[in-house]
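In: Structure, please.
(one chain, ligands or ions: 1)
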Amino acid sequence: MTIIDGKQTSLDIRDEIKKEIDDLREGTGRVPGLAVVQVGENPASRVYVNSKVRTCEAVGMHSEKYLLAKDVSQDELVELIEKLNRDEKINGILVQLPLPKHIDEELITETISSEKDVDGFKAENLGRILMGEEDCFKSCTPYGIIELLKRYNVELSGADAVVIGRSNIVGKPLAALLINESATVTVCHSRTKELAEKVKQADIVIAAVGIKGFVTADMVKEGAVVIDVGINRGEDGKLYGDVEFDGVSKKAKAITPVPGGVGPMTIAMLMKNTLKSFKKYQNLDKKN
Ligand SMILES: Nc1nc(=O)c2c([nH]1)NC[C@@H]1CN(c3ccc(C(=O)N[C@@H](CCC(=O)O)C(=O)O)cc3)C=[N+]21
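Out: Presented below is the predicted three-dimensional model:
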């Protein structure tokens, strides 16, 4: 049984990105820049936002953090995003979700310019993923999962993959990316009939439901590859995945832990997308 080490893989990717940024700095005198916007003081958001800013520093990327009051108006937030859209030092804009209820998340996401949508949350980017276009920003969590599977030499072509969860930021884009890799994909969700039986058929199980320990050993085929996207905070303050790790790891061929699996990969791919945005901007610069 292999533990798929997302933490180590994310550090490897960070190293690759750092080298590239060092070269770009030498060549152009400039580095990619990421703006991270947080609204209100949600403790979970603070941890993730700080971790994104620290990762920027580790790879030599410019970063700016905007912490807005929880009662900031939607108009003010839109204004900030429009300013960042025009800012030449900024290649990626991330507005940490969830936002307070008085703010329309879809409107905010759509305000970010497509060239700077490094989260890959805009309808345009999701559409491009579906079309199998390379020239787009893949949402970071699904992108990180595909990268992990590839780096661990998991065969995707012809594999039966079951994705549990149908969100716009994980389940749907992940299903599209897996289809593009020639997997046979089943997407399960809260209304799915005989969910356990469907999961049991899968060569690759990806759990993104948001329920601690949802996937149990009896649901998993012997020798399956299991990817756990869950980040559920237990009453003990610890993080738990959607997969019951102790039982499932006895049957799986390979499995990601929580923490140390998909989470760190999400941030690594955010860096990759921001670097991609910067390179594209530089090239356009040269052509003009
Ligand atoms: N606009 C936006 N983009 C996001 O990408 C986004 C977001 N909003 N809102 C919240 C979710 C959540 N998310 C995580 C990123 C890294 C870890 C991560 O690195 N987790 C560590 C553990 C961290 C800990 O100990 O809390 C791990 O799994 O090993 C987790 C969760 C990004 N999100």
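In: Would you mark the buried spots in stretch 104-124?
Out: Across stretch 104-124, burial judged by 16 or more other Cβ atoms under 10 Å covers 108, 109, 110, 111, 112, 116, 117, 118, 119, 120, 121, 122. For the C-beta atoms, the positions are set from N, CA and C on the backbone; glycine is no exception.
In: Endpoint to endpoint, it covers what distance?
Out: End-to-end distance for stretch 104-124, by Cα to Cα, to the nearest Å: 18 Å.
In: Out of the buried residues of stretch 104-124, which comes closest to the ligand?
Out: Nearest to the ligand, judged by Cβ to the nearest ligand atom, of the buried residues of stretch 104-124 is residue 119 at 4.7 Å.
In: unless I'm mixing things up, that closest one is touching residue 142, no?
Out: No - at 11.3 Å, residue 119 and residue 142 do not qualify as touching, with contact defined as Cβ atoms under 8 Å.
In: For residue 267, give its distance to residue 132.
Out: Distance, residue 267 to residue 132, using Cβ to Cβ, to the nearest Å: 25 Å.
In: Which ones, among the buried residues of stretch 104-124, also lie beside the ligand?
Out: Near the ligand, judged by Cβ under 6 Å from any ligand atom, the entries from the buried residues of stretch 104-124 are residue 119.
In: Now secondary structure, distance to residue 45 and pLDDT too, for the buried residues of stretch 104-124, in CSV please.
Out: Formatted as CSV, the buried residues of stretch 104-124 follow (DSSP: H, G, I helix; E, B strand; the rest coil; distance: Cβ to Cβ, whole Å; pLDDT from 0 to 100):
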residue, secondary structure, distance to residue 45, pLDDT
108, helix, 14, 98
109, helix, 16, 98
110, helix, 21, 98
111, helix, 19, 98
112, coil, 17, 98
116, helix, 20, 98
117, coil, 19, 98
118, coil, 17, 98
119, coil, 14, 98
120, coil, 19, 98
121, coil, 15, 98
122, coil, 20, 98
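In: what's the closest of the buried residues of stretch 104-124 to residue 183?
Out: Nearest to residue 183 among the buried residues of stretch 104-124 is residue 120, at 19.5 Å by Cβ to Cβ.
In: residue contacts, the closest one?
Out: Taking Cβ atoms under 8 Å, 6 or more residues apart in numbering, we find residue 120 in contact with 126, 129, 136, 137, 138, 139, 140, 143, 173, 273.
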